[in-house]
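Participant: Compute the structure for the input listed below.
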Amino acid sequence: SDAHLSERETVIAGHEKSIAAQEVIIALKEDTIAEKEAHLAEKDAVGLRKDAMAEESIERLQIQLDAAEERMQHRQEQVLVLQSAIGDVVAECKAQKERCEQLELQTDQLETGAAESQAVAQNLRK
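Facilitator: Have a look, this model is predicted:
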């Protein structure tokens, strides 16, 4: 019976060693899982930082875009003012051209009248 008991103790000791070995394997697997989870958490944190940086970048770009649109609107207003001023200048030039043409016509009429008066005066002297 002692031999039988000793054999059972050996079997039990073998099982205990096997269980201890499996516990070591489980602990190693748990460590590996924990490392992988830490790595994933780190990746998530990096991803979140990148997302935050991208969002800040988008906000900065939106501010720049808004400022550019505001400048463009201001320039469009300036263009309209300049176009109006150019229109006024063109209209004034046309009016002055017409006055010049009228003055040239009057000058021609006066010169023709003076020439006719000279001819009449010369005829009268003869």
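Participant: What ranges does the protein have for its helices?
Facilitator: Remark: helices assigned in the chain by DSSP state H are 2-125.
Participant: Quickly note the distance from the residue nearest in space to the middle of the chain to residue 84.
Facilitator: Centroid-nearest residue in the chain: residue 65, 4.5 Å away (criterion: Cα atoms, centre = their mean). Distance from residue 65 to residue 84, counting by Cβ to Cβ, to the nearest Å: 29 Å. Placement of C-beta: from N, CA and C, glycine included.
Participant: One more: residue 13?
Facilitator: Distance of residue 13 to residue 84, computed by Cβ to Cβ: 105 Å.
Participant: Likewise for residue 115?
Facilitator: 47 Å.
Participant: Okay, now the unreliable bits of this protein?
Facilitator: Within the chain, no range satisfies pLDDT under 70.
Participant: swap the cut-off to 80 and go again
Facilitator: 1-2, 126 (pLDDT under 80).
Participant: Much appreciated, bye for now.
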